[in-house]
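> Provided below for reference: sequence and predicted model.
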Amino acid sequence: MKRSIIYFVVFTCLLTFGGIKNAHAKGDKNTLVPDKTLPLAKKSLNIAMFLPLSYDRISELDFTKFNIEDKKRMKYRCFEYITFYEGARIALDKLEKEGYSVSLYVYDVGEEDVVEMNKVLQNPEMKTMDLLIPLVFQKCFNAAADFALKNSIPIINPMSPNPTIIENNPFVFKIQPSTIADVETTVRYIRNNFTSPNIILLFTPKEKLIMEMYQRAIERENWTWCAVDFNKYQNRIFEKIDTKKENIYISIVDKGNQQLNEAYANTLLMKLNNNKGLPPINLIAQYDWLDYPSLDLKLIQKFNFHFTLSYLNDYTNQNFVEFVKEYRKHFRQEPDKIYAALGYDIMMYFVPAMQHKGNSFITEPNEDRTKVMINSFYFDRKDPKDGWQNRRTVVYKVSDYKIISVGR
């Protein structure tokens, strides 16, 4: 069976949830590809989405033993990314009702299949695209980014944390916030919610660069603070506690794997809990802590656990709740942790912004879409020769054993 499968949907003409309209890979230029010379008022965009759907392996699936856990197995990997497409479909349905027109091409390309990616990029319709969205690994993305640069087409990287992907390519839009965005969001949250903070930053030599980011940001605020190398001085982490101030521990320690990080998290929580003379403590650390089965949730609650994350199924976010209602209605299930909401937000942001701004979008892409998005984007770049980095992330807090968003 041919590995490259292309699906094609024209919004404002067809929208059938639960199914995907097939089109021939070559396409019919008279009917499938809108004329790019049409006036802007027509609100028409061509968008190419590259997803590892493993469509050619669907016939191998055995649904007699299918359950939730099976989805995590490699055998059922075709279900891993389909929710990104489903979220995008819900967004395009809403945008269609607002008058926007999108021709969406969906290509089945493996995460690391560079040969297939290059083959798809040679398709004649690719040069008619207004936006590329590859949900693939770095080598595949690089191939698509090179094509985007050569043909002056904006391209989105939805998932990579790697800051180098925007270098020397002004058409790249990186969605996942960088480390400095997390630092800035955390500091902004502290500024807006604490009147007299005292910061105790826990790190190891591996995190020196992040520690220095925090140092610069905190010193601009003129807060009292100190940094403690946890490897060397874990027994001295209470020396700078100030009973007259609001004490905030920020842990950026990363031991390199889940087992070691889980042991570290338990160690820190027990140290905090065993020191009976402590004033109230606020703890900011990594979201992954909530996935560690051995952690005592009572201590997470006791020490006002906070974390930053770009996407989370946050049922206190009304926009997410409305999205979930639509998702349930069309797909009869709950959305996954990130892909569905991310696909939705990307379409809800880029389609209107590109239409409203026209050719100026690539030099000034920011537009306020906070009222309709789950988590809005704000793009920035240091050099015009580089691409754009999203700097919006969210601060969450565990309160009454629930996760709530408390700042951006």
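Cool, the structure landed.
> In contact with Gln333: list those residues for me.
Residues in contact with Gln333 (Cβ atoms under 8 Å, 6 or more residues apart in numbering) are Tyr327. For glycine as for every other residue, the C-beta is placed from the backbone atoms N, C-alpha and C.
> That one in helix, strand or coil?
The three-state assignment at Gln333 reads coil, by DSSP: H, G, I helix; E, B strand; the rest coil.
> Could I have the CA atoms of the host helix or strand of Ile190 written out in CSV?
Taking DSSP states H and E as the criterion, the element that holds Ile190 is helix 179-193. What follows is helix 179-193, C-alpha atoms only, in CSV (Å, rounded to 0.1, in the frame of the first residue of the first chain):
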residue,chain,number,x,y,z
THR,A,179,12.6,28.3,29.4
ILE,A,180,12.9,32.1,29.6
ALA,A,181,9.2,32.3,29.0
ASP,A,182,8.6,30.0,32.0
VAL,A,183,10.9,32.2,34.1
GLU,A,184,9.3,35.4,33.1
THR,A,185,5.8,34.0,33.7
THR,A,186,6.8,32.8,37.2
VAL,A,187,8.3,36.1,38.2
ARG,A,188,5.4,38.0,36.8
TYR,A,189,3.0,35.8,38.8
ILE,A,190,5.0,36.4,42.0
ARG,A,191,5.1,40.1,41.4
ASN,A,192,1.3,40.2,41.0
ASN,A,193,0.4,37.9,43.9
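> For it, what is the distance to the chain centroid?
Its chain's C-alpha centre lies 18 Å from the corresponding centre of helix 179-193 when counted by Cα atoms, centre = their mean, to the nearest Å.
> What does the pLDDT read for Val187?
For Val187, the pLDDT comes out at 97.
> What is the burial count for it?
A count of nearby residues for Val187, using other Cβ atoms under 10 Å, gives 21.
> Beyond the helix holding Ile190, next helix or strand please.
Heading C-terminal from helix 179-193 (DSSP H and E), you reach strand 197-203.
> Each with direction, which strands does that following strand pair with?
strand 224-229 (parallel), strand 246-251 (parallel) (DSSP bridges).
> Now the element after it, going C-ward?
helix 208-221.
> quick one, that next one and strand 197-203 angle?
Helix 208-221 runs at 170 degrees relative to strand 197-203, counting by axes from the mean of the first three to the mean of the last three Cα atoms, to 10 degrees.
> How far off centre is helix 208-221?
Using Cα atoms, centre = their mean, the offset of helix 208-221 from its chain centre is 24 Å.
> tell me which residues in that helix are buried?
By 16 or more other Cβ atoms under 10 Å, the buried positions in helix 208-221 come out as 210-211, 213-214, 217-218.
> just to revisit the earlier point, may I see the buried residues of the helix holding Ile190?
Residues 180-187, 189-190 are the ones in helix 179-193 that count as buried (16+ other Cβ under 10 Å).
> Same check on stretch 267-286?
Those would be 268-269, 272, 281-286, for stretch 267-286 by 16+ other Cβ under 10 Å.
> Over to stretch 162-173?
For stretch 162-173, a neighbour-count test (16+ other Cβ under 10 Å) marks 165-166, 169-173 as buried.
> wait, which of the residues you listed is closest to Glu125?
Phe171 (18.3 Å; Cβ to Cβ).
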